[in-house]
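# Next comes the sequence, and after it the predicted model I'd like to discuss.
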Amino acid sequence: MAKRKTKKRKTRSRKQQPGPIHGWVWGLFGLGVGLSVSAFIYLNSRPAGIAPRVTPQTETAAPTPREPQREAEPPAGDEEPRFTFYDMLPKFEVVIPEEEVAVVPDKPLAAVAEPGIYVLQAGSFSTFTDADRRKAELALLGVESGIQKVSIDDKVYHRVRIGPVDRLDRLNELRRQLRGAQIDAMVIRVGE
């Protein structure tokens, strides 16, 4: 019997391509480049007068008697002192009087006499919770009030307002009541 000839396939030898570089290799490479650049910048940005730190070496031999030990010399007199606040602070000394200042009671409120329509502002607060607290204080006194939100120069304020009040006797009574509760109120005329 005849032998069958089989064709052998020629296998081409492939050049082996290098495998992908792992992420940690790239990380180490980047870290090395970053450290070397930062070290270069650090060494070149130091002022010329600053010398690198050198660790002192310990000497085992005692100094010879011929060489006197030098004491640290003060800086030259032509240089200005580095800090001047040591000289400035004694000039700004505040003397506190030993007697307490006498507290003068407030003047009585002048009644509003000009007829018109008024609003009392019992406070202006940066937070709504503070304004709501003032509104609750006024409610406990039996005074109706409202909160007005106002924006001034990109800041938000919450005004606590009472009114409008058109009767002068009612306005002056509200002012006395608020003063008795130690709440300062600003009178604003809004109309006639």
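Arrived safely.

# quick one, helices of this structure?
For the chain, helices defined by DSSP state H occupy the ranges 23-45, 85-88, 128-140, 168-180.

# Could you check the angle the last one makes with helix 128-140?
Interaxial angle, helix 168-180 versus helix 128-140 (axes from the mean of the first three to the mean of the last three Cα atoms, to 10 degrees): 120 degrees.

# what's the answer for the longest one, then?
On the basis of the same axes, to 10 degrees, helix 23-45 is oriented at 90 degrees to helix 128-140.

# what packs against helix 23-45?
Of the remaining helices and strands, none touches helix 23-45 by 3 or more Cβ pairs under 8 Å, 6 or more residues apart in numbering; DSSP states H and E. Any C-beta I mention is one placed from the backbone N, CA and C, and that applies to glycine too.

# longest single strand anywhere in this protein?
When the chain is parsed with DSSP state E, its longest strand is strand 155-165.

# avg pLDDT for that strand?
Strand 155-165 shows a mean pLDDT of 86.

# Show me which positions of it end up buried.
For strand 155-165, the neighbour count (16 or more other Cβ atoms under 10 Å) marks His158, Arg159, Val160, Arg161, Ile162, Gly163, Val165 as buried.

# my guess is the second one meets Ser124, correct?
Yep, that's Arg159 we're talking about. Yes: the criterion here is Cβ atoms under 8 Å, and Arg159 meets it with Ser124 at 4.8 Å.

# where are the low-confidence patches of this structure?
Flagging of the chain using pLDDT under 70 yields the residue ranges 1-3, 7-20, 48-79, 81, 93-95, 97, 100-110.

# For Ile152, which of the helices of the chain is the nearest?
Shortest distance between Ile152 and the helices of the chain, using Cβ to Cβ, is found for helix 128-140: 14.9 Å.

# hmm, who's touching the closest one?
Contact with helix 128-140 is made by 122-123, 125, 144-147, 149, 158-160, 162, 178, 181, 183, as judged by Cβ atoms under 8 Å, 6 or more residues apart in numbering.

# Using CSV, write out every CA atom in that helix.
Taking Å, rounded to 0.1, in the frame of the first residue of the first chain, the C-alpha atoms of helix 128-140 are listed here in CSV:
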residue,chain,number,x,y,z
PHE,A,128,-35.1,82.4,58.9
THR,A,129,-35.0,80.6,62.2
ASP,A,130,-34.0,83.8,64.0
ALA,A,131,-36.7,85.8,62.3
ASP,A,132,-39.3,83.1,63.2
ARG,A,133,-38.1,83.2,66.8
ARG,A,134,-38.7,87.0,66.9
LYS,A,135,-42.1,86.5,65.3
ALA,A,136,-43.0,84.0,68.0
GLU,A,137,-41.9,86.5,70.7
LEU,A,138,-44.2,89.1,69.2
ALA,A,139,-47.1,86.6,69.1
LEU,A,140,-46.7,85.9,72.8
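
# Nothing else from me, thank you.
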